[in-house]
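S.K.: Sharing a sequence plus its predicted fold:
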2 protein chains.
Amino acid sequence: MNPSTPHPATRAHVASVGITVDASRMRLDEAFLARMTPAMAAAFAAMDELERGAVANPDEGRRVGHYWLRAPELSPTPELRRAIEESLAAVRAFAADVHAGRVAPQRGGRFEHLLVIGIGGSALGPQLLADALGDIGDPLVPHFFDNTDPDGMDRVLARLGGHLAGTLTLVVSKSGGTPETRNGMRVAQRAYAAAGLDFAAHAAAVTGEGSELDRVATEGGWLARFPMWDWVGGRTSLFSAVGLLPAALLGFDVDALLGGARDMDAATRVPDADANPAALLALAWHRAGEGHGRKDMVVLPYKDRLLLFSRYLQQLVMESLGKAHDLAGERVDQGIAVYGNKGSTDQHAYVQQLRDGVPNFFATFIQVLRDQDGPAFEIEPDVTAGDYLLGFLLGTRDALTENGRDSLTITLPDAGARSLGALIALYERAVGLYAQLIGVNAYHQPGVEAGKRAAAAVIDLQRALLAALRHAPTEPRTAAELAAAAGAPERAELAHHVLEHLAANGRLARQDGAAVRYHLKETR
Amino acid sequence: MNPSTPHPATRAHVASVGITVDASRMRLDEAFLARMTPAMAAAFAAMDELERGAVANPDEGRRVGHYWLRAPELSPTPELRRAIEESLAAVRAFAADVHAGRVAPQRGGRFEHLLVIGIGGSALGPQLLADALGDIGDPLVPHFFDNTDPDGMDRVLARLGGHLAGTLTLVVSKSGGTPETRNGMRVAQRAYAAAGLDFAAHAAAVTGEGSELDRVATEGGWLARFPMWDWVGGRTSLFSAVGLLPAALLGFDVDALLGGARDMDAATRVPDADANPAALLALAWHRAGEGHGRKDMVVLPYKDRLLLFSRYLQQLVMESLGKAHDLAGERVDQGIAVYGNKGSTDQHAYVQQLRDGVPNFFATFIQVLRDQDGPAFEIEPDVTAGDYLLGFLLGTRDALTENGRDSLTITLPDAGARSLGALIALYERAVGLYAQLIGVNAYHQPGVEAGKRAAAAVIDLQRALLAALRHAPTEPRTAAELAAAAGAPERAELAHHVLEHLAANGRLARQDGAAVRYHLKETR
């Protein structure tokens, strides 16, 4: 067989959602596809097991059930099915109550603003939905705390300004122990209190049953609680209450979102690489990066509303695939780096490098057929702004191809809820299949945990340094001396950073000189 | 000499702006630094020539003058100095007139909203400034058209809603011929007209003297025109009227912005790699990627206000360095891929891969010492939300180091205008020096031009297809048949995409079947 024979089936179309994946510019050939057939068959089988309820996240001993969220009847047990259906019903009912004013703010009227407090999957999914589907005139205006930056939170609160009395706050955290989210909740509680408002009367929680947050919300008498399950990971939680509750509150078409995902699942469940667009994506990624992530995935949606999709995919792909060890325990250092914003904007930025520079990537163009609601405005005879958008996509794609840069193209009928649901489901499945091809657990994130532990150690060091400073508050000491006094002489560099930060924020005094010294109180 | 000897000078501090660059985790060693000394000396010399007015962009025969923008007295000619000083004075005067209501909207009152229409450097610089320095209560509220997505523009106009009469529109385009910006201007003109408003009475232009846009603004009697010069590239135009006019209008401290950049320039002009933080960055990048961009640059500012800095840097670095040919004309395919959003948010996303996955990157942590204006709120005793932010930065950095992933750390005193100006100047210089080290022209973008030409060809094909359709409007034909009728039989794939797009937007009829056929009018 000639290895360069182009394979006929490098495009896959999903008629139910009108989405096409075109991999014809990814150098897939018969030899490669034949070589991958056994691995892909195994990946299909593993995905089937996963959907049937196998423990597909072995490190954490968990099932992986995000596909059930849009097809509860496929849940492996009646209890899971009921949990999903009840959660969805509760989401709908709560949103309807909020819209109708049956769930109303403490001081009356209706909720008009929504503050979502979360991080990672608990913020990025809702942010993507809000940006992709939101319009002026939606029933609530969305705001986010997605970090532990006090200035960032202050700025959101300033935007909320006098509207806090009409703001519904959702706190989203599976464990309830994520520090950024916990901090955001405290900042919000303080802001409500400062406005003379009862936080609990404006708050709902999305969290794991029995979590610390669940306890706080129950004991505090919050408006409502919605479940997060241990069989749904943060980065695939968009179709749980994490994404659906904000979506329903913002007035988006939750049925369309779920239906699009469900229909894409049906198309990507088919164990036939030639007809399965998710398998086609996974194979194209494998081909491009030789199964070792040797090419970055650059994501270029030509649509303003899909700007955050690139970042959403960055999380989904990199957190799922970026793993040190494979399922057999071998060190593999896997993953695929993902970046991108939107076209054609990015063409006036880094696309210069894509065409002419380091050939360390493949591009993914995302085209949206429908330009806008309402009639098009012709910028010049026969040509609209949307025609230019398409022209830039096709032109740039050809310019990349000419220079030997590979690209995928995904075509969506529009940027509505149904298409977005399907697009997310497509990538969830592609990531799952690719993870099987390279043999990694796509459903845990041990590196994130390591960073959290290291951060907690810094906070502990700060407490110890402050205790040491209080022990001799007027005595100027160096970072090394204070680290030693705090019982951590080997952590002088960390102590330096912590002390500089405290000094910059007026929380201790700093003496400049040959050696910088810190103390709590002036000596006289 | 032992090649692994750590070099003492891997940190550089710029006292005038309080910024530190720490490259101690980048494996710089004596042997590498000694090897790079001649190349770095040549880079310093070339940068000196550039600042003196040499034609540093040989392909376009242009000088490169962005450093003069913050130190006009260093301009190579009195004419250039005067042009810079006059432009700055005009920016200040216009902003003061707008704030005082001396430049007022057609229907009276004051301008309260600002719509900036631009793309690439003409949008990203102003967007960065607006996001980094903006607060509720600024004299104008900023909005952007930064693409040719009609739906995206409609959404911005919907947000402007009834405020169009109080909206000042800036059209920013050096040539005046950038299609996205031209399209945005037409959409804005139409919106003003639909509201019964005279566009010219609400518009100002930032453009090259004698450009098409300059002519339109002059003949139309727009409120004002500000210059863009051919010796300032889009990606380094932030300190020209492109960035300073929006900054001044939004009420930001333009002097601080310029002063920070000026002071950083003074520190990075020093031809001594041990004392020059920009040289330190350039050397660290070179070390990490072996001078061939073999490692991506992941940028993690731990500050919400600096979210767009990662994207700004993506443009600055990739558009400057991503070049097919070096200055000698050899094919080199150079560049450094850049991505990132903000910490600690990204730790809950792709940082999993950074720690555990493909080791194809180095990280750049950007730390901001000052957490916020006003007193800090203690989330728990002795610990603020900002302490957590620092804890996550330091913890993640250590977690990366433990796994052999290199990182740079840049520490800023705060996220104000002076620090931001200095940070941008630091990277402008680092990019300039690195370009010299690898021998590429950092100041042109031939690949962007290729994409533009290819897009124009798609628009031309659309026109030809529509003409062919009109020739036999009721006759259903395939994409291949229409491409042939349009005189471009080899462009059937492009024709297919163009026709599908027209059909999806109701601009022609489509018959599904074994072969899809298109026609303009129903046959009966």
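M.R.: That came in fine, so what should we check first?
S.K.: from here on, contacts and neighbour counts on C-alpha atoms
M.R.: Noted.
S.K.: Tell me, what's the model's pLDDT at residue A:521?
M.R.: With respect to pLDDT, residue A:521 scores 84.
S.K.: show me where the stretch 351-500 of chain A has strands.
M.R.: A:361-368, A:378-380, A:383-384, A:407-412 (DSSP state E, counting those that start in this stretch).
S.K.: lowest-confidence stretch among those?
M.R.: Among these, strand A:378-380 scores lowest, at a mean of 94.
S.K.: Please identify the buried residues of that strand?
M.R.: residue A:379 (16 or more other CA atoms under 10 Å in any protein chain shown).
S.K.: cool, and stretch A:396-416?
M.R.: For stretch A:396-416, a neighbour-count test (16+ other CA under 10 Å) marks A:396-400, A:405-416 as buried.
S.K.: wait, residue A:463 sits on residue B:384?
M.R.: No - assessed by CA atoms under 8 Å, residue A:463 is found out of contact with residue B:384, at 11.4 Å.
S.K.: Between the two, point out the one with more neighbours.
M.R.: residue B:384 (19 against 16; other CA atoms under 10 Å in any protein chain shown).
S.K.: which residues does that one contact?
M.R.: B:376-378 (CA atoms under 8 Å, 6 or more residues apart in numbering or on different chains).
S.K.: My read is that residue A:274 contacts residue A:281, right?
M.R.: No - with contact defined as CA under 8 Å, residue A:274 does not reach residue A:281; the gap is 11.0 Å.
S.K.: And these two? Which one has more around it.
M.R.: Using other CA under 10 Å, the more surrounded residue of residue A:274 and residue A:281 is residue A:281, with 28 against 16.
S.K.: Which residue, other than its chain neighbours, is closest to that one?
M.R.: Leaving out its chain neighbours, the residue that sits closest to residue A:281 by CA to CA, 6 or more residues apart in numbering or on different chains is residue A:430, at 6.1 Å.
S.K.: Quick one: closest of the strands of the stretch 351-500 of chain A to residue B:290.
M.R.: strand A:361-368 (18.0 Å; CA to CA).
S.K.: ok now whichever helix in chain A runs longest, how far from the chain's centre?
M.R.: Taking DSSP state H as the criterion, chain A has its longest helix at helix A:446-471. The chain centroid and the centroid of helix A:446-471 are separated by 27 Å under CA atoms, centre = their mean, to the nearest Å.
S.K.: quick revisit: turn the contacts of residue B:384 into JSON lines, columns for distance to residue A:163.
M.R.: Converted to JSON lines, the contacts of residue B:384 look like this (distance: CA to CA, whole Å):
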{"residue": "B:376", "distance to residue A:163": "23"}
{"residue": "B:377", "distance to residue A:163": "22"}
{"residue": "B:378", "distance to residue A:163": "24"}
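S.K.: Nearest residue to residue A:144 in space, ignoring adjacent ones along the chain?
M.R.: residue A:116 (4.9 Å).
S.K.: Confirm that that neighbour sits in a strand.
M.R.: Yes - read with DSSP: H, G, I helix; E, B strand; the rest coil, residue A:116 is one of the residues of a strand.
S.K.: Would you enumerate the residues in contact with it?
M.R.: Neighbours of residue A:116 in contact, by CA under 8 Å, 6+ apart: A:123, A:142-145, A:169-172, A:246.
S.K.: go on, residue A:389?
M.R.: A:302, A:343-344, B:148-149 are the contacts of residue A:389 under CA under 8 Å, 6+ apart.
S.K.: quick one: the closest residue to residue A:271 other than its chain neighbours and residue A:520, what's the gap?
M.R.: Nearest-residue entry for residue A:271: residue A:44, 5.6 Å, with adjacent residues in sequence omitted and distances by CA to CA, 6+ apart. With the distance defined as CA to CA, to the nearest Å, residue A:44 ends up 62 Å from residue A:520.
S.K.: can you check residue A:71 too?
M.R.: On the measure of CA to CA, residue A:71 and residue A:520 end up 60 Å apart.
S.K.: What of residue A:29?
M.R.: 69 Å.
S.K.: which one is whichever residue of the stretch 51-200 of chain A sits closest to chain B nearest to, not counting chain neighbours?
M.R.: Nearest to chain B, among the residues of the stretch 51-200 of chain A, is residue A:120, at 4.5 Å (CA to the nearest CA). Of all residues not flanking residue A:120 in the chain, residue B:348 sits nearest, at 4.5 Å (CA to CA, 6+ apart).
S.K.: Spit out the contact partners of the one you found.
M.R.: If a contact means CA under 8 Å, 6+ apart, then residue B:348 has A:119-121, A:315, A:448 as its contacts.
S.K.: out of those, who's nearest residue B:339?
M.R.: Distances from residue B:339 to those, taken by CA to CA, are shortest for residue A:315, at 12.7 Å.
S.K.: phi, psi of the closest residue to the closest one other than its chain neighbours?
M.R.: Spatial nearest neighbour of residue A:315, excluding adjacent residues (CA to CA, 6+ apart): residue B:349 at 4.4 Å. Backbone torsions of residue B:349, given as degrees, to the nearest 10, read phi -130, psi -100.
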